[in-house]
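Colleague: Sequence and predicted structure, then a few things I'm wondering about:
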Amino acid sequence: MAQRMILNGTSYFGQGAIQEIVNEIRNRHFKKALVTSTPDLFEFKVATKVTDLLDAAGIEYAVYDGIKPNPTIENVTAGVEACKTAGADVIVAVGGGSPIDTSKAIATIMTNPEFADVRSLEGLAPTKNPCLPIIAVTTTSGTAAEVTINYVITDVEKNRKFVCVDPHDIPIVAIVDPDMSASMPTGLCAATGMDALVHAIEGYITRGAWELTDMLHLKAIEIISRSLRSAVAGDYAGREAMSVGQYIAGMGFSNVGLGIVHSMAHPLSALYDIPHGKACAMLLTAVLTFNAPETGHKYREIARVMGVADVDDMDESTYRQAAIDAIQQLADDVGIPRSLGEAGVKREDIPFLAESALHDACTPGNPRDVTLEDIVSIYQSIF
């Protein structure tokens, strides 16, 4: 069977990488940009680092900052109108997964107007044209939206999130500048960092995993597990390492998919507005315990790159538990709650959550077949 790898064309890493935005816009002869972000990123002078560059360079732009943390269909449709009104020929998306995901949907509809109904983009949408060019400037260390072909939109009316997968939506340029994530609040750093770890681990054990993506995911797990604690503590070097680790994870999982950690996290965010990374982190070890019988020796390698000693001397059940324990310890150390009830989830909503998760686009990639009853049981185990 042929294996496909899709990566964005150009990426810049390191302190000062945002300076390259101006060069990319000029060299590609773009006339006007739509800068997409959130109100908070403008208020806290993060997105303004980009608009200040555009101002100094005399590059024309408009701003669309009406994006929510869990972006909605309405955010997308309003963004499409903003893009049309501006007459933009490039989108500069500044933020974490929310602005970049929203920008992917906006940009896709701009060049594929037959998909103006945002719900029609769910799953593997058969778009014909590459999206409007996107320059993605990440401000968190978790989603890797700047290098993936995936995005997630919330359908408020139906209390669900839906996943869109489209090779036409990948940003043409990714900017991974640790200066943009240096001021990220502690809680957001922890949640997005654990999201990156989930990406790496789920991508490593998913049904579609193969040698090249295994290499990427194991390296990402190694970087994240050694860097996340210091990143959450505010250490600049830790945040710089996390910005690279999450990108590497994105290179992998974008091409092989994820599993039921994400399937189960999506309805939690849709119904309760729980940050996506936090929802994933709360579910991770419970799902890993469920998936363990179908993972071969992979938990041994996860334990190894996370620094667990003497894994080669352990039997299968021992190294599997050692990997799960190391992951849970990391989640505990960065302040991720263990209980769904603690996060405000209502027990009576579990059947609805489970039904949504079962039909999520990420579920088929899970290494172990899963039933509705299995998902209910996992939710209940961490209630």
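Modeller: Cool, got the structure. Treat the numbers as computed from the prediction; the structure is a model and nothing was measured.
Colleague: Can you tell me how far the residue of the chain positioned farthest from its centre is from R304?
Modeller: The outermost residue of the chain relative to its centre, with distances by C-alpha atoms, centre = their mean, is D313 at 35.1 Å. Between D313 and R304 the distance is 12 Å, computed by C-beta to C-beta, to the nearest Å. C-betas here are computed from N, CA, C, even on glycine.
Colleague: for A241, what are its contacts?
Modeller: Applying C-beta atoms under 8 Å, 6 or more residues apart in numbering, we find A241 in contact with I223, R226, S227, A231.
Colleague: Hmm, the second one is touching G307, no?
Modeller: It refers to R226. Yes - counting by C-beta atoms under 8 Å, R226 does reach G307; the two are 7.2 Å apart.
Colleague: Check which residues of the helix or strand hosting N23 are buried.
Modeller: Under the criterion of DSSP states H and E, N23 resides in helix 20-27. Buried residues in helix 20-27, counted by 16 or more other C-beta atoms under 10 Å: E20, I21, V22, E24, I25.
Colleague: Could you export those to CSV, including columns for pLDDT and distance to K128?
Modeller: As requested, these are exported to CSV (pLDDT from 0 to 100; distance: C-beta to C-beta, whole Å):
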residue, pLDDT, distance to K128
E20, 98, 30
I21, 98, 28
V22, 98, 31
E24, 98, 25
I25, 98, 26
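Colleague: Could I get those residues in CSV, plus columns for distance to Y247?
Modeller: Shown next, in CSV, are the buried residues of helix 20-27 (distance: C-beta to C-beta, whole Å):
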residue, distance to Y247
E20, 15
I21, 17
V22, 22
E24, 17
I25, 22
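Colleague: from those, which is closest to A56?
Modeller: V22 (8.1 Å; C-beta to C-beta).
Colleague: Tell me which residues touch the closest one, please.
Modeller: Shown in contact with V22 (C-beta under 8 Å, 6+ apart): L53, L54, A57, I59.
Colleague: Narrow those residues to those that are buried.
Modeller: Neighbour-count burial (16+ other C-beta under 10 Å) is assigned, among those, to L53, L54, I59.
Colleague: out of these, which one sits closest to E122?
Modeller: Ranked by distance to E122 (C-beta to C-beta), the buried ones among the contacts of V22 are led by L54 at 33.3 Å.
Colleague: With G203 as the reference, measure out to the closest one.
Modeller: Separation of L54 from G203 (C-beta to C-beta): 35 Å.
Colleague: Which residue ranges of the stretch 51-200 of the chain form helices?
Modeller: Using DSSP state H, counting those that start in this stretch, the helices of the stretch 51-200 of the chain run over 73-86, 97-111, 186-205.
Colleague: What about the contacts of A241, which one has the most neighbours?
Modeller: Of all those, A231 has the most neighbours under the rule other C-beta atoms under 10 Å, reaching 29 neighbours.
Colleague: by contact count, what packs against the host helix or strand of that one?
Modeller: Element membership of A231 [criterion: DSSP H and E] is helix 211-232. Judged by 3 or more C-beta pairs under 8 Å, 6 or more residues apart in numbering; DSSP states H and E, helix 211-232 is in contact with helix 186-205, helix 236-256, helix 298-305, helix 316-333.
Colleague: Spatially, what comes nearest to the most centrally placed residue in the chain if we skip its sequence neighbours?
Modeller: Centre of the chain computed as the mean C-alpha position; nearest residue by C-alpha atoms, centre = their mean is T143, 2.5 Å away. Nearest residue to T143, sequence neighbours excluded (C-beta to C-beta, 6 or more residues apart in numbering): G97, at 3.3 Å.
Colleague: shouldn't that neighbour be in contact with G142?
Modeller: Yes - counting by C-beta under 8 Å, G142 is a contact partner of G97 at 7.5 Å.
Colleague: Those two: who's more crowded?
Modeller: Set G97 next to G142 and count neighbours by other C-beta under 10 Å: G142 wins out with 35 against 26.
Colleague: List the residues that contact the more buried one.
Modeller: Counting by C-beta under 8 Å, 6+ apart, G142 has contacts G96, G97, A191, T192, G193, M194, D195, A196, H199, M242, Q246, G277.
Colleague: how far away is the closest residue to it other than its chain neighbours from M282?
Modeller: Residue nearest to G142 in three dimensions, not counting chain neighbours: T192, with 2.8 Å by C-beta to C-beta, 6+ apart. With distances taken as C-beta to C-beta, T192 is found 14 Å from M282.
Colleague: Between the two, tell me which one has more neighbours.
Modeller: T192 (30 against 26).
Colleague: And that one, how far from A249?
Modeller: For T192, the distance to A249 - C-beta to C-beta - is 12 Å.
Colleague: Okay, domains of the chain per the record?
Modeller: Split into domains by the TED database, the chain comes to 10-180, 186-382.
Colleague: And the first one, end to end?
Modeller: So that's domain 10-180. 18 Å (C-alpha to C-alpha, to the nearest Å).
Colleague: residue ranges with poor pLDDT in the stretch 51-200 of the chain?
Modeller: Residues of the stretch 51-200 of the chain meeting the criterion pLDDT under 70: none.
Colleague: Which stretches in it count as strands?
Modeller: 60-64, 90-95, 134-138, 150-155, 160-165, 173-176 (DSSP state E, counting those that start in this stretch).
Colleague: so what secondary structure elements neighbour the fourth one?
Modeller: With contacts defined as 3+ C-beta pairs under 8 Å, 6+ apart, strand 150-155 has these neighbours: helix 73-86, helix 97-111, strand 160-165, helix 260-272.
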